[in-house]
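Asks: Would you be able to build a 3D model of this:
(one chain, ligands or ions: 1)
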Amino acid sequence: MNIGIDKIGFYTPHLYVDMNKLAVARDIEPEKFTVGIGQEKMAIPPITQDPVTLAANAALGILNEADKEKIDFVIFGTESGIDNSKSAGVYVHNLLGLNPHARTVEMKQACYGATAGIQLAKGHIALNPESKVLVIGSDIARYGLNTAGESTQGAGAVAMVISANPRIMVLEEHSAYFTNDIMDFWRPIYSDKAFVDGKFSNEQYIYFFSKVWEQYKEKSGLELKDFEAICYHLPYTKMGLKALRTILDEGTEEDNERLVANYQVSTQYNRSVGNIYTGSLYLSLLSLLELNEGLEAGSRVGLYSYGSGAVGEFFTGILQSDYREHLHINDHKHLFDSRMEVTVPEYEKLFEETLPVDGSTLELDITKDTAAICLSGVEDNKRLYVRK
Ligand code: HMG
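Replies: Predicted coordinates for the structure are as follows:
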């Protein structure tokens, strides 16, 4: 049975900061951020957006009534969840008006959560071919003002419908994965900012890639030449390129040109958003599919997922005929075009704005937030959401 991605949607907050201006404010050469790190804009979430609203906004634009009826499993990948007990997916299930006869869970393994969700969805569909699964990766990446990780923050969500006979991409049979207990990046429960050993995390990302790439080739018998493109988890856009370069000597000049050109296309959306953790790989896939008009049906796309701590996985998909007709290219163009720039001091103020943790009530002004679904306040230690 063919199982894979039937629909894919994306949401990022309506505010961003320009990386050139952030660099100047930090007394850093702008090229370090725009070339060395490879980021142009960084999405800034207003206090009226959290991982729940980002996820719900990402899914809202892609689901029709039939999907809402057929979805019987919601898997919410996140590492910036809002509750240590209740799944963020349950709020989203309600905000989207999904069929109550559904399972809903939250999946955590750093940036790998949504990939775990996709693999679980694949098994569910194999057993229940008529079902559809909503898999979401939604996060706000926070390292702190004036930290080395600051230039690799971001916010956003990707929502995917996984089904039998998918219209965008069939996921192939083989997959290679690798786990090792390392401390490259982590976030203790008491902290709303991540801790990171930056250089070590870069090295491990590449080491895990080598492990799963070699195992994938052994399992599948495929080689570099068999790939039209490879998409990477992108904590920043230079990172995937470093990993891609480690395997280019396995291909011809033609293979290299094709893979590097497609890599550049696959990073365009991420360059303008920043790291969205669980959704980053799928934002890269979306960038490739929506911005490369010449990518033919039947093409094989490789996907490298990495979640610090750490778990890595390499798997592949085949693009389906007329897949472009099932993308939401204009909606995403509009989303990017209608964003508003904030100054560095405005970003710093937004960064420091946090919700009460002492049970007090807060009512938020949602009129300035252009999103359809917003966080409107907190009362009795409960977050309140509205769908405008
Ligand atoms: P840093 O120490 O500020 O930067 O931290 P750097 O000194 O390593 O410089 C970065 C690059 O800019 C270098 O290029 C410099 O040469 C270049 P490279 O050698 O790497 O190719 N550079 C310049 N280029 C042009 N013009 C200039 C210039 N100056 C310097 N003037 C770091 C960078 C990424 C480590 C930091 O931002 C950080 O710690 N970020 C967070 C961690 C991270 O993103 N790690 C990535 C792998 S782990 C992962 O992907 C998982 C993650 O998503 C979490 C999860 O799984 O949940 C993070």
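Asks: what residues does the helix or strand harbouring Val17 touch?
Replies: Assessed by DSSP states H and E, Val17 sits inside strand 15-18. For strand 15-18, the external contacting residues (C-beta atoms under 8 Å, 6 or more residues apart in numbering) are 40-46, 272-273, 339-344, 347, 350. To be clear about C-beta, it is placed using only N, CA and C from the backbone, and glycine gets the same treatment.
Asks: The same query, at a cut-off of 6 Å, please.
Replies: Strand 15-18 is touched from outside by 41-44, 339-340, 342, 347, with contacts defined as C-beta atoms under 6 Å, 6 or more residues apart in numbering.
Asks: what do you get for stretch 258-270?
Replies: 229, 231, 234, 237, 244, 283-284, 287-288, 291-292.
Asks: strands paired with the strand holding Val17, and their directions?
Replies: Here strand 15-18 is paired, per DSSP bridges, with strand 41-44 (antiparallel), strand 340-341 (parallel).
Asks: any chance of those strands in TSV, with distance to Ala372 too?
Replies: As requested, the strands paired with strand 15-18 are exported to TSV (distance: least, C-beta to C-beta, whole Å):
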stretch	distance to Ala372
strand 41-44	17
strand 340-341	17
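Asks: returning to what we had before: what would the contacts of strand 15-18 look like in a markdown table with pLDDT?
Replies: A markdown table is the format used below for those (pLDDT from 0 to 100):
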| residue | pLDDT |
| --- | --- |
| Lys41 | 98 |
| Met42 | 98 |
| Ala43 | 99 |
| Ile44 | 98 |
| Arg339 | 98 |
| Met340 | 98 |
| Val342 | 98 |
| Tyr347 | 98 |
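Asks: Now which of these would you call buried?
Replies: With neighbours counted by 16 or more other C-beta atoms under 10 Å, those contain buried members at 41-44, 339, 342, 347.
Asks: Closest one of those residues to Glu130?
Replies: Ala43 (36.5 Å; C-beta to C-beta).
Asks: Which strand residues bridge the closest one?
Replies: Beta-bridge partners, per DSSP bridges, of Ala43: Tyr16.
Asks: before we move on, back to that, and the strand holding Val17, C-alpha only, in CSV?
Replies: C-alpha atoms of strand 15-18 as CSV (Å, rounded to 0.1, in the frame of the first residue of the first chain):
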residue,chain,number,x,y,z
LEU,A,15,6.5,39.4,12.7
TYR,A,16,10.2,39.1,11.9
VAL,A,17,13.5,40.7,12.6
ASP,A,18,16.1,41.4,9.9
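Asks: With the ligand in mind, check whether the helix or strand just after that strand reaches it.
Replies: Using DSSP H and E, the helix or strand that follows strand 15-18 in sequence is helix 19-25. No. Judged by C-beta under 6 Å from any ligand atom, helix 19-25 and the ligand are separated, with a smallest distance of 9.0 Å.
Asks: how about Ile62, what does it touch?
Replies: Ile62 neighbours (C-beta under 6 Å, 6+ apart): 7, 9.
Asks: Oops, could you answer that again for Ala194 instead?
Replies: Neighbouring residues of Ala194 by C-beta under 6 Å, 6+ apart: 143, 185, 187.
Asks: swap the cut-off to 7 Å and go again
Replies: Ala194 makes contact with 142-143, 149, 185, 187 under the criterion C-beta atoms under 7 Å, 6 or more residues apart in numbering.
Asks: residues from the stretch 101-250 of the chain in reach of the ligand?
Replies: Residues of the stretch 101-250 of the chain lying near the ligand (C-beta under 6 Å from any ligand atom): 110-111, 148-149, 151-152, 184-185, 196, 198-199, 201-202, 205, 233, 235-236, 238-239.
Asks: again with the stretch 251-388 of the chain
Replies: So far as C-beta under 6 Å from any ligand atom goes, the stretch 251-388 of the chain lies against the ligand at 275, 277, 306-308.
Asks: what about 5 Å?
Replies: When proximity is defined as C-beta under 5 Å from any ligand atom, the stretch 251-388 of the chain approaches the ligand at 277, 307-308.
Asks: And the residue of the stretch 251-388 of the chain found nearest the ligand, what's its pLDDT?
Replies: With C-beta to the nearest ligand atom, the shortest gap between the stretch 251-388 of the chain and the ligand falls at Ser308, namely 3.6 Å. Looking at Ser308, its pLDDT stands at 98.
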